[in-house]
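In: here's my sequence, what's the structure:
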Amino acid sequence: MKTGYIQVYTGNGKGKTTAALGLALRAAGHGMRTYIGQFMKGWPYGELSALRGHSHITIEQYGDFRCIRREEVTPEHITQARQGLDRARQAMLSGQYDIIVLDEVNVAIWYGLLTVEEVLAFLDERPEGVEVVLTGRRAPQELIDRADLVTEMREVKHYYTQGVMARDGIER
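Out: Residues are numbered from 1 along each chain as shown. Predicted structure coming up:
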């Protein structure tokens, strides 16, 4: 690509990670390579198995095996997130990838694992032809302002409110 853009997928509705994975799959069909760094995720989500060994899509996780709440953040969680951002930066600057996805980076910022300034500095280093996608609820206004495309997933109705938990193959 001659010009890469910055995309943000945010909002309380379901589908932000799914949209980023769909973009990676579409790009792979055109011979483009995508690096996906998943923040705050250590659980064996279905996409890890599906994409293992894929020639055009690389996916790595930076987080604990279990989900944490904001009040449970430890220095180790912050270290994991910063190491993840550094790993994603290496991938972005390597010249090997057309698209870099920072999955759940907005939530990592909201939890205090990363700062807005750290992510803005990451974006400042973006080579011209690299597309960057930032996902997660509660996207900071600074990232929305920097982005070229912002999509807000809005929850209209969700079965979580009826007690249905995350299901393998659908939410994880």
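
In: mind listing what residue 115 touches?
Out: Going by C-beta atoms under 8 Å, 6 or more residues apart in numbering, residue 115 touches residue 109. All C-beta spots, glycine's among them, are computed from the backbone N, C-alpha and C.

In: again, but for residue 56
Out: Residues in contact with residue 56 (C-beta under 8 Å, 6+ apart) are 24, 27, 28, 31, 32, 33, 34.

In: enumerate the positions of the longest helix that the chain contains that are buried.
Out: Criterion DSSP state H: the longest helix present in the chain is helix 75-93. Burial within helix 75-93, assessed by neighbour count using 16 or more other C-beta atoms under 10 Å, is assigned to 77, 80, 81, 82, 84, 85, 88, 89, 91, 92.

In: how near is the first one to residue 59?
Out: To tie it back to what came earlier, the one meant is residue 77. Remark: distance between residue 77 and residue 59 (C-beta to C-beta, to the nearest Å) = 20 Å.

In: output stretch 163-170 as PDB, restricted to C-alpha atoms.
Out: This file holds the C-alpha atoms of stretch 163-170, laid out as PDB (Å, rounded to 0.1, in the frame of the first residue of the first chain):
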ATOM      1  CA  GLY A 163     -26.900 -14.600  31.700                       C
ATOM      2  CA  VAL A 164     -25.300 -16.200  28.600                       C
ATOM      3  CA  MET A 165     -21.600 -16.300  29.100                       C
ATOM      4  CA  ALA A 166     -18.900 -16.200  26.400                       C
ATOM      5  CA  ARG A 167     -19.200 -19.300  24.200                       C
ATOM      6  CA  ASP A 168     -16.300 -21.100  22.400                       C
ATOM      7  CA  GLY A 169     -16.300 -20.400  18.700                       C
ATOM      8  CA  ILE A 170     -18.500 -17.300  19.100                       C
END
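
In: all strands of the protein, in order?
Out: Along the chain, counting by DSSP state E, strands occupy 6-10, 34-39, 57-62, 99-103, 131-135, 149-152.

In: for the residue most central in space within the chain, list each beta-bridge partner.
Out: Central residue of the chain (C-alpha atoms, centre = their mean): residue 103, 0.9 Å from the mean position. On the basis of DSSP bridges, residue 103 is bridged to residue 38.

In: do I have it right that it meets residue 18?
Out: No - judged on C-beta atoms under 8 Å, residue 103 makes no contact with residue 18 at a distance of 10.4 Å.

In: and the contacts of the lowest-mean-pLDDT helix or strand in the chain?
Out: Least confident helix or strand, the chain: helix 46-51 with a mean of 90, by mean pLDDT, DSSP states H and E. Contact with helix 46-51 is made by 17, 21, 36, 57, 58, 59, 61, 168, 169, 172, as judged by C-beta under 8 Å, 6+ apart.
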